[in-house]
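> model the structure of this input:
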Amino acid sequence: MEKVLIIEDNAMMRLFLSNYLSRNYEVTAVESPQQAKAVINSEEVFSLVLSDYYAANTEEHTVLKGIQTAMTWQGIPMVILTDEHKSEQRIAAFEMGAQDCVSKPFNPLELSLRLKTMIAQKETKMVYRPVA
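Next up is the predicted model:
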């Protein structure tokens, strides 16, 4: 089963996402990018990271950007949840390197399908080459 890491500071949203996505994924949910970094450093391997938006020039944003960079090197996509169609948040998320953004409020089925597509694309991009 694919593993998804959720980074969400709102307890109710974190619980909702965990419960909804646990139907199809093994879910680990944390409250902050700092906690996510600790989970990732514990050698957990995730198929995708789903994170709330964190404003630029905050410690959370800096840590999340570091996580995103590490995930990119591993070929792991990151999806950012932004607030109410705020274009500047989506732009900032894409500039940080997120592969997709979803605005809150969102349709849970649409979110689930976007995550499924991201994970499938990640799998098809993996190329195995024989060692010479």
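> what's the helix or strand for the closest residue to Gly97 other than its chain neighbours?
Excluding the flanking residues, the one nearest Gly97 by CB to CB, 6 or more residues apart in numbering is Gln68, at 4.9 Å. C-beta here means a position set from N, CA and C on the backbone, and glycine is covered the same way. Using DSSP states H and E, Gln68 maps to helix 59-74.
> tell me what the next helix or strand after that helix is packed against?
Once helix 59-74 ends, the next helix or strand along the chain (criterion: DSSP H and E) is strand 78-83. Contacting strand 78-83 under the criterion 3 or more CB pairs under 8 Å, 6 or more residues apart in numbering; DSSP states H and E are the following elements: strand 48-52, helix 59-74, helix 87-96, strand 100-104, helix 108-125.
> can you pull the contacts of the residue nearest to Gly97?
49, 78, 96-98 (CB atoms under 8 Å, 6 or more residues apart in numbering).
> one more pass at 7 Å, please.
Gln68 makes contact with 78, 96-98, according to CB atoms under 7 Å, 6 or more residues apart in numbering.
> report the two of the residues you listed separated the most.
Maximum pairwise distance among the contacts of Gln68 (CB to CB): 8.4 Å, between Met78 and Met96.
> so the two - more neighbours on which side?
Met78 (25 against 17; other CB atoms under 10 Å).
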